[in-house]
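K.L.:
Pasted the sequence and its predicted model underneath.
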Amino acid sequence: QVQLVESGGGSVQAGGSLRLSCVVSGTGSIFNLYTVGWHRQAPGKQRELVASITTDGATNYLDSVKGRFTGSRDNAKNAVYLQMNSLKVEDTAVYYCHLNLRGLLDFWGQGTQVTVSS
């Protein structure tokens, strides 16, 4: 059973930083075959993709976070990270870790709250 456990969320003032972590279990030896990423959902809004990291390490970001957020993965630790700098009030949301295996299987974490105050 694949499980994703996020951590690192919290409350921070605008301009601050947070680092989200996602530890994955249950993928066996094929974690490196998953595309991984982070999504977020703010109250009253649809869930949106914030950052994705492909199997070869290529990254893709939501336009509004480019230059501020950095997604990464550590295949040896079955972990995914999101470094968030220069946080803005509009970054407030629940952040979800996500795994996708070749477009066939999707797995989600339980979410971690990020609150940015002015």
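P.N.:
That came through fine.
K.L.:
from here on, contacts and neighbour counts on C-alpha atoms
P.N.:
Will do.
K.L.:
what helix or strand is the residue nearest the centre of the chain on?
P.N.:
By CA atoms, centre = their mean, the chain has its centre lying nearest to residue 38, at 2.6 Å. Following DSSP states H and E, one finds residue 38 within strand 35-41.
K.L.:
Over to the closest residue to the residue nearest to the centre of the chain other than its chain neighbours. Which of the three states is it?
P.N.:
In space, and not counting its chain neighbours, residue 38 is closest to residue 97: 4.7 Å by CA to CA, 6 or more residues apart in numbering. Following DSSP: H, G, I helix; E, B strand; the rest coil, we place residue 97 in the strand state.
K.L.:
Does residue 97 touch residue 6 like I think?
P.N.:
Yes: counting by CA atoms under 8 Å, residue 6 is a contact partner of residue 97 at 6.8 Å.
K.L.:
Between these two, tell me which one has more neighbours.
P.N.:
Per other CA atoms under 10 Å, whichever of residue 97 and residue 6 has more neighbours is residue 97, with 29 against 23.
K.L.:
Check the more buried one and give its pLDDT.
P.N.:
Here the pLDDT value assigned to residue 97 is 97.
K.L.:
what's the answer for the one 3 residues further on, then?
P.N.:
The predicted structure scores residue 100 at 94 on the pLDDT scale.
K.L.:
Then residue 32?
P.N.:
For residue 32, the model assigns a pLDDT of 90.
K.L.:
Run through the residues that contact it.
P.N.:
Going by CA atoms under 8 Å, 6 or more residues apart in numbering, residue 32 touches 55, 75.
K.L.:
Three-state assignment for residue 90, please.
P.N.:
From three-state DSSP, the assignment for residue 90 is helix.
K.L.:
mind checking how far it is from residue 14?
P.N.:
Distance, residue 90 to residue 14, using CA to CA, to the nearest Å: 9 Å.
K.L.:
can you list residues touching both of the two?
P.N.:
Common neighbours of residue 90 and residue 14, using CA under 8 Å, 6+ apart, are residue 116.
K.L.:
Which of the two has more residues huddled nearby?
P.N.:
More neighbours surround residue 14 than the other of residue 90 and residue 14, with 17 against 13 (other CA under 10 Å).
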